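*Asks:* Okay, predicted coordinates and the sequence, questions at the end:
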Amino acid sequence: MIEVVSESRCVSCNQCVSVCPTNVFDRGDDGIPVIARQDECQTCFMCELYCPVDALYVAPDSEKVIGISEQEAEHLLGGYREKVGWGKGRTPVASHDYMYRISKFASF
Amino acid sequence: MSILLSSGTIQLQADVLVIGGGPAGTWAAITAASQGAKVILADKGYCGSSGATAPSGTGVWYVKPDQQLREEAKASRYEMGGRLAEHRWMDRVLDRTYENMNRLGHAGYPFPMDDDGNLHKRGLQGPEYMRLMRKLVKKAGVKILDHSPALELLVDEHGVGGASGVQTQTGDAWTVHAGAVVIATGGCAFLSKALGCNVLTGDGYLLAAETGAQLSGMEFSNAYAICPTFSSVTKTAYYSYASFYYEDGTPVEGAGSKRGRSVIARKLLEGRQVYAKLDLAPEEIKPLLRVNQTNFFLPFDRRGIDPFTDLFPVTLRLEGTVRGTGGIRITDESCATSVPGLYAAGDAATRELICGGFTGGGSHNAAWAMSSGSFAGEGAAAYVKKLGGHAADRQLQSVSTSVISSTASASPSRTEEIVQAVQEEVAPYDRNLFRTEQGLKNSLQRLDGLWKDQRNQVVERSANGVKAREAAAMTATARWMYNSALARTETRGMHKREDFPTLDAGQHYRLISGGLDQVWVKPEAVQEAPEKKEVILP
């Protein structure tokens, strides 16, 4: 579930408020989004991908809140977006050669 | 499109309203717009991130128009699906998928290159695909309403003419009058937290059935995905490289990702935890697997588990009709339903026409979504042209089984109780995966009671009201599922009857269903493949 909104990184674009399919966030009074309905989070990781400054952390646990702090999550922030190849100067993983190579072994 | 803003209400006029903004809905929208229709797309969440496709990677049933390749592709799942697919439909979906995937390439989807320098188009990465689809929808001039679930369809004696709902982020009511409506709301996974599926609660089935539309194949609704117990990532394909073990490391005899999934279910039913490890993956393909399904590894990486070498506990998470094949019945090639002005596409519609009672993976669903979406978009646009200018002055009424109101609603705690009660009927493996006459009848008795409790309930135009409608939709979906499952006294496709464990050649038909207070089920013939006749020269 979504656990961390890094206030120090957040630029108040509120993209996460818009893109969350289950409407977990609210706009905060100070411009920083708040996790208003954490139990609605479906652990789909989409907010992380759309956050332009890697300010969000979705813990892999879909069944319960693990209570990870921003400090503990710091080294993990943005990891998924990087792998998907979104963000300036990155190449989308969709075009990765391995997407083709794998088809020689199996079809998914 | 005229916009009248008066005290929190949005009134819009369009030729075609598309409900749902996943692959099927977006293809429906851009295709209808390309025919000159004014289109509005309303998504319950956010068009681009909502639904089962956006957070995943999926294969696509993309087959070059080579006769032998096509015949092999059609045959590959024909038997597994219980021979309920139709060749005519498989042919046209293969054609349209080929065309649409090529269009995605032209539109800038970053396909990888094969050894010969051609684009390799047999898969799509969900985030990339759906971000592009949103862009194409906007480019086509379609108005998108995000966070705008539909609560009711509006009809008159000529058929469906619009819908209304609520914008959950503002609380504003919305109403769209449209000559035709396309339902592309996805399937129903009963809030099981399967990846991206919690917005898929069968809403479109209920909306359609309330207008008198029919369903088909609702017995093919017991898909379960292998998934780590702690995680939402339901990507079963990779478990073809898994072995299954007990906690002490001894193997679970007969367990597997395909036919052995039942063995896993039975062990879990006995209360024995099953563990997996992808120890059958050859060393050289591990890096390829990591790239191909980036999100599969995300939960493991974040938990410090190496799924190739470490045991991790697994469960079977319900995917219901999302990876089942049942849905709204399609009555012709334009993906029309039996109600004039109402169309269905994607997982909201039956997929039996191309894969019978079993999908075996995302590639057919992905192909169906983009094909049926564009068939429905074309069909709806053509229907509206035929209607002419009458759309504007129609006297439309709600046909909802709930009373949609601006005040007071079912209490959130009551809604939660209903959702849990429905989940207790559809999630347990000994009720839904392994079906019996007595079990189905017992469940139906309770589900019928839940339906009666909710009939004519007052539902507020608010986020809470949306949840109450989801609960009603899930209740109705479970009743069509289990009535259909009761009527099919055999085992075919994914539908398994413990008391009828074999296929009965006498039941080679689809089951269509419908009704709200009284659910009915009846057989419908499958169109046979045309006989291949030898040409005899005179």
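*Replies:* Yep, it's here.

*Asks:* all helices of the stretch 1-150 of chain B, in order?
*Replies:* Taking DSSP state H, counting those that start in this stretch as the criterion, the stretch 1-150 of chain B contains helices spanning B:23-34, B:67-76, B:87-106, B:126-139.

*Asks:* orientation of the third one relative to helix B:23-34 in degrees?
*Replies:* Helix B:87-106 runs at 80 degrees relative to helix B:23-34, counting by axes from the mean of the first three to the mean of the last three C-alpha atoms, to 10 degrees.

*Asks:* Compute the distance between A:Ile102 and chain B, please.
*Replies:* Distance, A:Ile102 to chain B, using C-beta to the nearest C-beta, to the nearest Å: 4 Å. Glycine gets a C-beta too; all of them are placed from N, C-alpha and C.

*Asks:* who's in contact with the closest residue to that residue other than its chain neighbours?
*Replies:* Distances taken as C-beta to C-beta, 6 or more residues apart in numbering or on different chains put B:Leu288 closest to A:Ile102, at 4.3 Å, once the chain neighbours are dropped. Residues near B:Leu288 by C-beta atoms under 8 Å, 6 or more residues apart in numbering or on different chains: A:Tyr98, A:Arg101, A:Ile102, A:Phe105.

*Asks:* Which of those fall within strands?
*Replies:* If you go by DSSP state E, the contacts of B:Leu288 have nothing in strands.

*Asks:* Quick check: of these, which has the highest neighbour count?
*Replies:* A:Ile102 (23 neighbours; other C-beta atoms under 10 Å in any protein chain shown).

*Asks:* Just the mean pLDDT for stretch B:348-357, thanks.
*Replies:* On average, the pLDDT along stretch B:348-357 is 97.

*Asks:* Can you measure across it, start residue to end residue?
*Replies:* Start-to-end span of stretch B:348-357 (C-alpha to C-alpha, to the nearest Å) is 15 Å.

*Asks:* and what of stretch B:38-58?
*Replies:* One end of stretch B:38-58 to the other measures 31 Å (C-alpha to C-alpha).

*Asks:* B:Ile404 belongs to a strand, doesn't it?
*Replies:* Yes. Assessed by DSSP: H, G, I helix; E, B strand; the rest coil, B:Ile404 belongs to a strand.

*Asks:* wait, what's in contact with it?
*Replies:* Neighbouring residues of B:Ile404 by C-beta under 8 Å, 6+ apart: B:Leu151, B:Glu152, B:Ser164, B:Ser398, B:Val459, B:Arg461, B:Gly465.

*Asks:* follow-up on the earlier one: if you average pLDDT over each of the helices of the stretch 1-150 of chain B, which is lowest?
*Replies:* When I compare those, helix B:67-76 is least confident, with a mean of 94.

*Asks:* My guess is B:Tyr275 contacts B:Tyr245. True?
*Replies:* Yes. Between B:Tyr275 and B:Tyr245 there is a contact at 4.8 Å, judged by C-beta atoms under 8 Å.

*Asks:* between these two, what contacts are shared?
*Replies:* B:Leu311.

*Asks:* What parts of the stretch 201-350 of chain B come near chain A?
*Replies:* The stretch 201-350 of chain B comes close to chain A at residues B:229-233, B:237-238, B:240, B:282, B:285, B:287-289, B:291-295, B:298-303, as judged by C-beta under 8 Å from any C-beta of the partner chain.

*Asks:* Which of those fall within strands?
*Replies:* The strands, defined by DSSP E, take in nothing from these.

*Asks:* out of the residues you listed, which are buried?
*Replies:* B:229-233, B:237-238, B:285, B:288-289, B:291-295, B:298-303 (16 or more other C-beta atoms under 10 Å in any protein chain shown).

*Asks:* and the most centrally placed residue in chain A, what helix or strand is that in?
*Replies:* Closest to where the C-alpha atoms of chain A average out (C-alpha atoms, centre = their mean) is A:Glu48, at 1.4 Å. Per DSSP states H and E: A:Glu48 is located in helix A:46-50.

*Asks:* Run through the neighbouring helices and strands of that helix.
*Replies:* helix A:15-19, strand A:56-58, helix A:79-84 (3 or more C-beta pairs under 8 Å, 6 or more residues apart in numbering or on different chains; DSSP states H and E).

*Asks:* tell me the most buried of the ones you listed?
*Replies:* strand A:56-58 (a mean of 27; mean count of other C-beta atoms under 10 Å in any protein chain shown).

*Asks:* Parallel or antiparallel, list what pairs with it.
*Replies:* Paired strands of strand A:56-58, with direction, are strand A:2-5 (antiparallel) (DSSP bridges).

*Asks:* The residue nearest to B:Val322 when sequence neighbours are not counted - how many residues pack around it?
*Replies:* Spatial nearest neighbour of B:Val322, excluding adjacent residues (C-beta to C-beta, 6+ apart): B:Gly187 at 3.9 Å. By the criterion of other C-beta under 10 Å, B:Gly187 has 31 neighbours.

*Asks:* Check B:Ser405 and give its pLDDT.
*Replies:* 88.

*Asks:* now do B:Leu5
*Replies:* B:Leu5 is given a pLDDT of 39.

*Asks:* Up against chain A, what does the stretch 1-150 of chain B have?
*Replies:* Contact residues, the stretch 1-150 of chain B versus chain A (C-beta under 8 Å from any C-beta): B:44-46, B:48-51, B:54-55, B:57-59, B:109-114, B:120, B:122-125, B:127-129, B:146-147.

*Asks:* which residues touch B:Phe300?
*Replies:* Contacts of B:Phe300 (C-beta under 8 Å, 6+ apart): A:Pro60, B:Pro228, B:Asp306, B:Pro307, B:Phe312.

*Asks:* Next up, phi/psi of the last one, please.
*Replies:* Same thing as B:Phe312. Main-chain torsions, B:Phe312, degrees, to the nearest 10: phi -140, psi 150.

*Asks:* Around the nearest residue to B:Cys197 once chain neighbours are set aside, count how many other residues there are.
*Replies:* Nearest-residue entry for B:Cys197: B:Ala189, 3.8 Å, with adjacent residues in sequence omitted and distances by C-beta to C-beta, 6+ apart. Residues within reach of B:Ala189, counting by other C-beta under 10 Å, total 32.

*Asks:* didn't B:Ala189 look like it was pressed against B:Leu318?
*Replies:* Yes. B:Ala189 sits in contact with B:Leu318 when judged by C-beta under 8 Å, with a separation of 6.1 Å.

*Asks:* Common neighbours of these two, please.
*Replies:* Listed contacts common to B:Ala189 and B:Leu318 are nil; contacts here mean C-beta under 8 Å, 6+ apart.

*Asks:* lowest average confidence, helix or strand, in chain B?
*Replies:* Ranking every helix and strand in chain B by mean pLDDT, DSSP states H and E puts strand B:4-5 at the bottom, with a mean of 40.

*Asks:* mind listing what B:Gly126 touches?
*Replies:* B:Thr53, B:Ala54, B:Pro55, B:Ser56, B:Gly57, B:Thr58, B:Gly196 are the contacts of B:Gly126 under C-beta under 8 Å, 6+ apart.

*Asks:* So what's the residue count around the first one?
*Replies:* Read it as B:Thr53. For B:Thr53, the neighbour count with other C-beta under 10 Å is 28.

*Asks:* now the third one
*Replies:* By the criterion of other C-beta under 10 Å, B:Pro55 has 25 neighbours.

*Asks:* now A:Cys16, nearest residue through space, not along the chain?
*Replies:* The spatial neighbour of A:Cys16 that comes closest, neighbours along the chain excluded (C-beta to C-beta, 6+ apart), is A:Cys47 at 4.3 Å.

*Asks:* got the contact list for that neighbour?
*Replies:* Neighbours of A:Cys47 in contact, by C-beta under 8 Å, 6+ apart: A:Ile2, A:Gln15, A:Cys16, A:Val19, A:Cys20, A:Val24, A:Phe25, A:Leu56, A:Val58.

*Asks:* roughly how far is the lowest-mean-pLDDT helix or strand in chain A from the heart of the chain?
*Replies:* Ranked by mean pLDDT, DSSP H and E, the weakest helix or strand in chain A is helix A:97-101, scoring a mean of 93. Relative to the chain's own centre, helix A:97-101 is displaced by 25 Å; criterion: C-alpha atoms, centre = their mean, to the nearest Å.
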